[in-house]
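Asker: No letters, just coordinates:
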């Protein structure tokens, strides 16, 4: 997807107006505008419309906000890496077979290797780290730490030559202040290893999201299938090497959770996210992070009976505000290039 990256680097996109809601912005976008750059794998007939972008955003916003609690339930019977390996291998296999029946060509060796790298960053480390952390801390707390994903993405982009503007620096400062306050929460302070793992997961997910647009990977849904297959295989392999075992008998809640995580969280959610990575700039693709925490906190409190500490209440709006500023700001360097 180098063409997507180059278009985005030249600044040829429409910045979202923070005074309008997301629906209005997307509906007012022309498909020919480069924010919705279709990439080399889509024809004119297959260009994504504003409604497709909106539906993909809603999918990652709501579905991934609920998967934190789903992982928590599934962990009662499945260890973290085996859980991820099973769900992503099944979801990736179903999607890959369906795409091949639809006439999609096989990925090249280079594309498989690129997908393996992205799959390792997003799934093995990113998703696997979340599973490890949720064994010791509340799902809502993990979701808030992962919410820093767009902030890390902005940092990586700045290292690649895209200098953040003043507003973006303000957003980064506010967002990371929220993350710092969150790490003062009693649960994270008492579980420093889990805190380090979930922060590393957020960083790796951001890095994988950014570099995916610079690598040679298949277009469209085939990228999702290959990343889930390679990432899931790595998770399963390492899980078996580490001696992870499924706890028998498998509980009913764990069974329901892994089915939901596989069919909805993996197939629908990850496919929508891959679609966004191919068609919008990385900061918009990762904007799910400032909706997911709200969904995760609400579900954690009302369904998972998780305690919502004062530190979570204080840090959540700071993280969300910081991310919103970063996502909706166009830097001066990009305006000059536009």
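Answerer: That came through, no problem. On a predicted model such as this, the values are computed, not experimentally measured, just so you know.

Asker: alpha carbons only for contacts and neighbour counts from here, please
Answerer: OK.

Asker: tell me which element residue 193 falls in.
Answerer: Element membership for residue 193, per DSSP states H and E: helix 192-211.

Asker: what helices or strands is that helix leaning on?
Answerer: helix 109-119, helix 128-134, helix 139-146, helix 149-159, helix 186-190 (3 or more CA pairs under 8 Å, 6 or more residues apart in numbering; DSSP states H and E).

Asker: Next one: residue 60 from residue 324, what distance?
Answerer: 16 Å (CA to CA, to the nearest Å).

Asker: These two: which has the busier surroundings?
Answerer: residue 60 (26 against 23; other CA atoms under 10 Å).

Asker: just to revisit the earlier point, quick one: mean pLDDT over the helix holding residue 193.
Answerer: Mean pLDDT, helix 192-211: 86.

Asker: Other residues contacting that helix?
Answerer: For helix 192-211, contacts defined as CA atoms under 8 Å, 6 or more residues apart in numbering pick out 117-118, 121-123, 125-130, 132-133, 136-137, 142, 145-150, 152-153, 156-157, 183, 188-189, 277, 282, 286.

Asker: got the angle between that helix and helix 109-119?
Answerer: With axes from the mean of the first three to the mean of the last three CA atoms, to 10 degrees defining the directions, helix 192-211 sits at 140 degrees from helix 109-119.

Asker: just how off-centre is helix 192-211 within its chain?
Answerer: 11 Å (CA atoms, centre = their mean, to the nearest Å).

Asker: Is the residue lying farthest from the centre of the chain in a helix, a strand, or coil?
Answerer: No residue in the chain sits farther from the centre than residue 249, which is 31.6 Å out by CA atoms, centre = their mean. What DSSP: H, G, I helix; E, B strand; the rest coil gives for residue 249 is coil.

Asker: And residue 182, how far from residue 140?
Answerer: For residue 182 relative to residue 140 (CA to CA), the value is 11 Å.

Asker: So between those two, which is more surrounded?
Answerer: The neighbour count for residue 182 versus residue 140, taken as other CA under 10 Å, is higher for residue 140 (29 against 26).

Asker: The closest residue to the more buried one other than its chain neighbours sits in which helix or strand?
Answerer: Closest residue to residue 140 apart from its sequence neighbours, by CA to CA, 6 or more residues apart in numbering: residue 297 at 4.6 Å. Element membership of residue 297, judged by DSSP H and E, is helix 292-302.

Asker: Report the angle between that helix and helix 139-146.
Answerer: 170 degrees.

Asker: Name the residues of helix 292-302 that are buried.
Answerer: For helix 292-302, a neighbour-count test (16 or more other CA atoms under 10 Å) marks 292, 293, 294, 295, 296, 297, 298, 299, 300 as buried.

Asker: and residue 147, what pLDDT?
Answerer: 73.

Asker: and it, how far is that from residue 182?
Answerer: 11 Å.

Asker: before we move on, what about residue 110?
Answerer: Distance, residue 110 to residue 182, using CA to CA: 40 Å.

Asker: does residue 83 count as helix, strand or coil?
Answerer: helix.

Asker: That one: neighbour count?
Answerer: Quick note: residue 83 (other CA under 10 Å) scores 25 neighbours.

Asker: got a list of what it touches?
Answerer: 74, 75, 258.

Asker: Okay, and which of those map to helices?
Answerer: 74, 258 (DSSP state H).

Asker: Now, of the contacts of residue 83, which are buried?
Answerer: 74, 75, 258.

Asker: helices or strands next to the helix holding residue 297 in the packing?
Answerer: Short answer (3+ CA pairs under 8 Å, 6+ apart): helix 292-302 packs on helix 50-74, helix 139-146.

Asker: what angle do the longest one and helix 292-302 make?
Answerer: So that's helix 50-74. Going by the same axes, to 10 degrees, helix 50-74 makes 40 degrees with helix 292-302.

Asker: can you pull the buried residues of helix 50-74?
Answerer: Those would be 50, 53-54, 56-74, for helix 50-74 by 16+ other CA under 10 Å.

Asker: Against residue 89, how distant is residue 255?
Answerer: In terms of CA to CA, residue 255 sits 16 Å off from residue 89.

Asker: Between these two, which is the more surrounded one?
Answerer: Set residue 255 next to residue 89 and count neighbours by other CA under 10 Å: residue 89 wins out with 25 against 16.

Asker: pLDDT at that one, what is it?
Answerer: The model reports residue 89 with a pLDDT of 94.

Asker: what helix or strand does it sit in?
Answerer: If you go by DSSP H and E, residue 89 is part of helix 80-101.

Asker: Tell me how far that helix lies from the chain's centre.
Answerer: 17 Å.

Asker: cool, and stretch 294-302?
Answerer: When distances are taken as CA atoms, centre = their mean, stretch 294-302 is centred 18 Å away from the chain's centroid.

Asker: ok, now stretch 56-76?
Answerer: 11 Å.

Asker: mean confidence score for that stretch?
Answerer: Mean predicted confidence for stretch 56-76 is 89.

Asker: just stretch 126-136 next, same as before
Answerer: According to the model, stretch 126-136 has a mean pLDDT of 88.
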